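Enquirer: my questions are about this predicted structure, shown below with the sequence.
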Amino acid sequence: MDARVIRVPPQAIELAKRFEGCHRVPKHDPNRAYPYICPAGYPTIGYGHLCDPKHPPITEGEAEAYLAQDLKVALAATLRYCPLLAAEPEGRLIAITDFAFNLGAGRLQTSTLRRRVNQRDWSAAAAELRRWVYGGGRVLPGLVARREAEARLLVHG
């Protein structure tokens with residue numbers, strides 16, 4: 001499916017924004033987001049968009065545009081690896097799309113999570129989601145909360 005024609009559910013955008021936040025660094029320029037290093041050690045800007053460490057500062061509008069594009073890519077990958085989600089309640093699609101956005105489609109592609117989703121074993125898939133809480137080699141409370149939110153969407157549709 002072409003990422004340009006995919007409609008990202010508004011709830012997916014809200015979920016990503018809740019856990020990503022638009023990071024702004026300097027107090028002297030509060031209306032701009034600057035590159036920062038995420039807990040996993042990657043240069044990032046705005047709402048979790050991977051970037052070059054020398055990326056110029058961006059506005060919130062630009063951060064939202066990056067987020068929309070990144071979520072379209074994650075949604076396309078989610079539907080490629082878990083096509084049955086197209087016929088499931090939207091919450092399930094949102095949960096796995098957020099996972100793919102946060103950790104990358106490659107992690108979804110090779111995961112036991114993908115297998116459990118494609119088996120429609122929602123409780124086992126939720127348990128798999130809850131395992132993905134490490135960043136930079138340690139458990140991150142933000143990832144624990146994010147995975148729990150995704151797991152609830154997955155189980156309850």
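Expert: Happy to help now that I have it. Numbering: from 1, shown residues only.
Enquirer: the chain: helices as residue ranges?
Expert: 10-20, 60-81, 90-103, 105-109, 112-118, 122-129, 141-156 (DSSP state H).
Enquirer: list the buried residues in the second one.
Expert: When burial is assessed from 16 or more other C-beta atoms under 10 Å, helix 60-81 yields the following buried residues: 62-64, 66-67, 70-79, 81. No exception for glycine: its C-beta is placed from N, CA and C like everyone else's.
Enquirer: tell me the angle that helix makes with helix 90-103.
Expert: 110 degrees (axes from the mean of the first three to the mean of the last three C-alpha atoms, to 10 degrees).
Enquirer: for Gly61, see how far away the residue lying farthest from the centre of the chain is.
Expert: Ranked by distance from the centre of the chain (C-alpha atoms, centre = their mean), the top residue is His28, with 29.6 Å. From His28 across to Gly61, the span is 20 Å (C-beta to C-beta, to the nearest Å).
Enquirer: point out where the chain drops to low pLDDT.
Expert: For the chain, the stretches with pLDDT under 70 are 1-5, 25.
Enquirer: residues near the residue lying closest to Ala12 once chain neighbours are set aside, how many?
Expert: Computed as C-beta to C-beta, 6 or more residues apart in numbering, the closest residue to Ala12 that is not its neighbour in sequence is Ile94, at 4.6 Å. Using other C-beta atoms under 10 Å, Ile94 is surrounded by 28 other residues.
Enquirer: for Ile94, what are its contacts?
Expert: Taking C-beta atoms under 8 Å, 6 or more residues apart in numbering, we find Ile94 in contact with Pro9, Gln11, Ala12, Leu15, Leu153.
Enquirer: ok, so of those, who is nearest Leu143?
Expert: Leu15 (13.4 Å; C-beta to C-beta).
Enquirer: touching, that closest one and Arg152? I think so.
Expert: No: Leu15 is beyond contact range of Arg152, at 10.8 Å (criterion: C-beta atoms under 8 Å).
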